[in-house]
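K.L.:
give me coordinates for this.
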Amino acid sequence: MNAQAKYPPAPEEVQFNPTVLVIGGGASGIASAVKAAEAGLSVVLLEKTAELGGKFAQISSMYQTDLSPSQWLKEKINVLEKNDKVAIYTNGSLEKVKGQAGSFTVTLNVSGKKEEIVVGAIVVATGMELSSKMPVPEGADAGRFMSQMELEKKMGDFTGDSKCFVFVVKEDDFLCGMANALKNSLKLKNSGHEVYLFYDEMKISEEKMEKLYHQARKEGVYFVRGTQNLKIGQQADKLTITTVDPLLPIKLAKELIINCDYLIFNEDLVPGADTKKLAEILKVTRGPGGFFQEDNFHLEPVNSFRAGIYFVGACRMPDFLHNVQEQAGSAVNAIYQLSTADVKSLMDQKPLIDVAKCAYCLTCYRSCPRNAIELLYGIEGAAWDGAPYVHPYACQACGSCVAECPNRAISFPGYTDEDMKKQFSGIGGKS
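P.N.:
Take a look at the predicted model:
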C-alpha cells in the first residue's frame, strides 16, 4: 500500500483483488483452479514444466473410481481452457511476492520473461517428489527391483506367462503407499500372476480401502506380516525372499522362502525440490518433514499462518484425489469469505496504533507472527515520518504487537489504557 495522507486508511481504500494465483499444475493445482473458476474468481495457473498433470499423469489407475487419471486430467484441463477467466502459464516460476492478502503483487518468470501481476490470494499446490533407492543386494539383478511408479508404467507389459510379484509396504510408508500396493496387487492377481504383500501394519483407514483389502484377500493375494527380517537373495533367474513370522515364538517359527520374479517397494515421498525456496519467497513455514506446515491441522488444514496463502494437496502431505478436491474447495471457500468480508468490521476488531506515541522502533513489525504489519510513510500527526499499519485482512488479532510494543502505543479496541482505567474505577479498583 502506498503512503497515506491519513491514518489509518479508510475501509474503501482496502480492496480485495478477485484473482487467485495457483502455483502447480498437477492434480491439486488443477482441482484448485477449477474450484476457484466455479466460484467466479479469475485464476492464474502457474506450472514449472511444459505440460500440466504432474505426477498424477504418470499413474495408470485410481482405486476409488473407474475413471482413469488421464481421463480426469483431460476433463478438468478442458474446463479450464474454455474459461475466459483462467490463464495458464507453463514453464513458469514465482520470483517475488510483496503485499498482503487481497493485494499481493507477485513477479512471475514465464519462459525467461518476467511479468508482474496483482492477486488477492495464493494457493500453493506444488506436489511432492518421489525418491526411490532400491535395496539391491550385491550380485542381484537390479532390473527385478521396482518402485510403485515404475510398476505403473510397465503394468501393460506383464501379460502371458504367470510371474510372481512381492510387494513390501513398510510401517513408515504413507497411507497412499498401502493403497497403491493393494490396487496394483489386485490388478496383477486378476491378470493371472502370483502376488505376495509384506506389511507391518495394515493401514486401510481411508474411503473404500477396507473393501479393496478384503477383495485382494478374496482373490488370492497372500498377506505376510513383518518387513524387518526380510533377507533378499538371488538364485538363477529368481529372487529369493526369506523371512520368519515375527508373531510366532522362536521355537515354532519356520522360515518362509519365496521365489519371485519382481520385488516392489514404495518410493520415499519427499517435498518438492522448490519447497524451501518457495517458503522463503512466500514467508511461510515448513513442517518437520520439509512439507509446508498447516496452520491448524484439525480446524484449518489448508491455511498457512499468513492470511490469503493456502496449501492444497501433496505439498502439505501425500494424499488421495478425493481429499485433494475437498482441500481445494476449502481453500476457495476461505478465499471467497475473505473477499466478501466487511472491511470496516474487520478494522474495528484489529489493534489500534497511536501514531503520536509510536517511536517507529519496528518491534511490532519484527514480532508479528503473521507478517500482517506494513510500514507507511507521510502520516499526519505521527511522531516520526512513518508508522506501522495493521492490515485488516492479514491480522489475526493475536495481540503479539500489543504485548511487545515498548512504548504502549498499540492496544485493542475497548482495551486502551483509558478503557481499562474506567473499568477498574467502576468496580472500585485502583488503576
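
K.L.:
now for residue 20: which residues touch it?
P.N.:
32-33, 36, 41-44, 119-123, 332, 335 (Cβ atoms under 8 Å, 6 or more residues apart in numbering). Quick note: C-beta positions are derived from backbone N, CA and C, even for glycine.

K.L.:
show me the residues you listed that map onto helices.
P.N.:
Residues of the contacts of residue 20 located in helices (DSSP state H): 32-33, 36, 332, 335.

K.L.:
mind saving the C-alpha coords of stretch 314-330 as CSV?
P.N.:
Output of stretch 314-330 as CSV, limited to C-alpha atoms (Å, rounded to 0.1, in the frame of the first residue of the first chain):
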residue,chain,number,x,y,z
ALA,A,314,0.8,-33.2,-1.6
CYS,A,315,2.8,-30.1,-0.9
ARG,A,316,1.5,-30.4,2.7
MET,A,317,1.4,-34.2,2.8
PRO,A,318,0.8,-37.0,0.3
ASP,A,319,-3.0,-37.6,0.0
PHE,A,320,-5.8,-39.1,-2.2
LEU,A,321,-7.5,-37.3,-5.0
HIS,A,322,-10.9,-37.1,-3.3
ASN,A,323,-9.3,-35.5,-0.3
VAL,A,324,-7.3,-33.1,-2.5
GLN,A,325,-10.5,-31.9,-4.2
GLU,A,326,-12.1,-31.3,-0.7
GLN,A,327,-9.0,-29.3,0.2
ALA,A,328,-9.3,-27.3,-3.0
GLY,A,329,-12.9,-26.5,-2.1
SER,A,330,-11.9,-25.5,1.4
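
K.L.:
give me the contacts around that stretch.
P.N.:
24, 26-28, 31-32, 34-35, 55-56, 62, 64, 72, 123-128, 174-176, 179, 206-207, 269, 271-272, 275, 287, 291-294, 301-302, 312-313.

K.L.:
quick check: domain ranges of the chain?
P.N.:
Recorded structural domains for the chain (assignment: automatic domain parsing) are 11-129+270-339, 133-266, 344-426.

K.L.:
need the ones you listed in JSON lines (columns: mean pLDDT).
P.N.:
Output for the domains of the chain, formatted as JSON lines (pLDDT from 0 to 100):
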{"stretch": "domain 11-129+270-339", "mean pLDDT": "92"}
{"stretch": "domain 133-266", "mean pLDDT": "89"}
{"stretch": "domain 344-426", "mean pLDDT": "87"}
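
K.L.:
okay, those domains, which one's buried deepest?
P.N.:
The highest average neighbour count among the domains of the chain, using mean count of other Cβ atoms under 10 Å, belongs to domain 11-129+270-339 at a mean of 19.

K.L.:
start and end of that one, how far apart?
P.N.:
The straight-line separation of the ends of domain 11-129+270-339 (Cα to Cα, to the nearest Å) is 13 Å.
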